[in-house]
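Novice: Got a sequence here, can you model it:
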Amino acid sequence: MFIYPSQTEWTGAWVFFRRILIAVSLIGFLVALALIADETLMSLRGSANNPFFRTLPWVLSRSANGAFLLPAAFFVILILRERRKSLWRWIMILMISGILVGTVGTVLRSVIGRTRPNTSVLQGWYGPRSQGKWLVGRYAYSSFPSGHTSLAAGFGLMLF
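Specialist: A predicted model of the protein is given here:
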């Protein structure tokens, strides 16, 4: 005997499917927008002599590494702690997962020893030690995995 799903089960599945569809569409739109704007932004990069345009990329880069993100998240947590407990818990989970995955990424980056593209060192995978020298913590040998990517993966995967 086949039992048909109830109306509430179909509604719940449709809501979940619709949310996934909206998220995928939004991500696709943002990727397409980034691809379209890439050439324009690259052409503007060399012509900016204003100190603001030299500082802005630095600030945006550091914000994805957690220097600005963590204090902002703590501020949001303090505001939401009493008002919206469920949202507060989700933000805490997102922060903790981002920090954990970011830390794992940093440890892996230190051990893998992949060279950065903008250094004068021969490109390659060197590991934690090469030619009798420790490479752990050296800027030129800490390219992969990206700190930005690690933090975003921790936040994004848990958010998904």
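Novice: Leaving out the residues flanking it, which one is nearest to Phe144?
Specialist: Distances taken as C-beta to C-beta, 6 or more residues apart in numbering put Arg114 closest to Phe144, at 3.8 Å, once the chain neighbours are dropped. In this view, the C-beta of every residue, glycine as well, is placed from N, C-alpha and C.
Novice: Quick check on that neighbour: phi, psi?
Specialist: phi -80, psi 130 (degrees, to the nearest 10).
Novice: partners of it in the sheet?
Specialist: Trp125 (DSSP bridges).
Novice: what's near enough to touch it?
Specialist: Contacts for Arg114 were tallied using C-beta atoms under 8 Å, 6 or more residues apart in numbering; they are 124-126, 141-144.
Novice: which stretches of the protein form strands?
Specialist: Ranges of strands in the chain, per DSSP state E, are 129-130, 133-134.
Novice: Excluding its own residues, what touches the last one? List them.
Specialist: Under the criterion C-beta under 8 Å, 6+ apart, residues Pro128 lie in contact with strand 133-134.
Novice: any idea how far Leu135 is from Gly124?
Specialist: Computed as C-beta to C-beta, to the nearest Å, the Gly124 to Leu135 distance reads 11 Å.
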